[in-house]
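Trainee: Next input, structure requested:
(chains A and B)
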Amino acid sequence: EAQVTQNPRYLITVTGKKLTVTCSQNMNHEYMSWYRQDPGLGLRQIYYSMNVEVTDKGDVPEGYKVSRKEKRNFPLILESPSPNQTSLYFCASSYLARTSGAWGTDTQYFGPGTRLTVL
Amino acid sequence: GQQVMQIPQYQHVQEGEDFTTYCNSSTTLSNIQWYKQRPGGHPVFLIQLVKSGEVKKQKRLTFQFGEAKKNSSLHITATQTTDVGTYFCAGGDGSGGYQKVTFGIGTKLQVIP
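Mentor: As a prediction, the model looks like this:
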């Protein structure tokens, strides 16, 4: 079954304790992305990756790191979490498609989400 | 940077009434996608529009992409309780030779039976 998996689904942690949220997809997608969802702010892109070893910042990258060593995995790392990073996090993946002369995302498949609370 | 505005933020309708949500981008888009998120769930892809003036239909849902590729709408005819959820537009900006995706804030639809 085609899917995007995230772990953990729920996490409560304390300020400053490094954590990693894993994301894995089994669809051989080139593009992967992390979003955070906050009430009244919608979905905001944190980082995205166009392929292995190719990552770039989204709209809200501060306080986050990512890596793309393998095509299927795209972990999100919070080196020193703070309470303002309490949020619902979604990983997504997609094929790349060429539209209007530029490479871009096709259908994005989202993981089930990770609810993170930083105390 | 690119901004995608979506209105309204909330909409309550009586079952059977129509519903429309609108998205406007500050820049010309390469494409626009629409997603639905059920309460407690994750966003699920509905459709992608690429061409200027494009109109696509999925049963009771009609999607439009403006002529200038800066605005889009989703219209639901005769809403049902199964339409409850938050609808997001997501604009793709290929102007940098790569694509960045910016989501609208979403429209939360409540359908009163």
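Trainee: Would you map the strands across chain B?
Mentor: Along chain B, the segments classed as strands by DSSP state E run B:4-7, B:10-14, B:19-25, B:31-37, B:44-49, B:55-58, B:61-65, B:71-76, B:85-93, B:100-103, B:107-112.
Trainee: Any regions of chain B where pLDDT drops low?
Mentor: Counting by pLDDT under 70, chain B has low-confidence residues at B:94-99.
Trainee: Centroid-nearest residue for it?
Mentor: B:Cys89 (3.7 Å; CA atoms, centre = their mean).
Trainee: Please report the distance of the closest residue to it other than its chain neighbours from chain A.
Mentor: Nearest residue to B:Cys89 in three dimensions, chain neighbours excluded: B:Cys23, at 3.7 Å (CB to CB, 6 or more residues apart in numbering or on different chains). All C-beta atoms are positioned from the backbone trio N, CA, C, and that covers glycine. Using CB to the nearest CB, to the nearest Å, B:Cys23 is found at 11 Å from chain A.
Trainee: do B:Val84 as well
Mentor: In this view, B:Val84 and chain A are 17 Å apart by CB to the nearest CB.
Trainee: quick one: the strands in chain A?
Mentor: With DSSP E as the definition, chain A shows strands at residue ranges A:4-7, A:10-13, A:19-25, A:31-38, A:42-51, A:54-57, A:65-66, A:76-78, A:87-94, A:96-99, A:102-105, A:109-110, A:114-118.
Trainee: who wins for proximity to chain B among those strands?
Mentor: strand A:102-105 (2.7 Å; CB to the nearest CB).
Trainee: so how far is that closest one off the chain centroid?
Mentor: How far strand A:102-105 lies from its chain's middle: 18 Å, per CA atoms, centre = their mean, to the nearest Å.
Trainee: same check, this time on stretch A:73-89
Mentor: Centroid separation for stretch A:73-89 versus its chain: 9 Å, with CA atoms, centre = their mean.
Trainee: before we move on, the earlier item: who does the residue nearest to B:Cys89 bridge with?
Mentor: B:Cys23 has these beta-bridge partners by DSSP bridges: B:Gln6, B:Ser72.
Trainee: quick one: strands adjacent to the helix or strand of chain A with the lowest mean pLDDT?
Mentor: Within chain A, no helix or strand scores below strand A:102-105, which has a mean of 73 by mean pLDDT, DSSP states H and E. Next to strand A:102-105 in the sheet, as set by DSSP bridges, lie strand A:96-99 (antiparallel).
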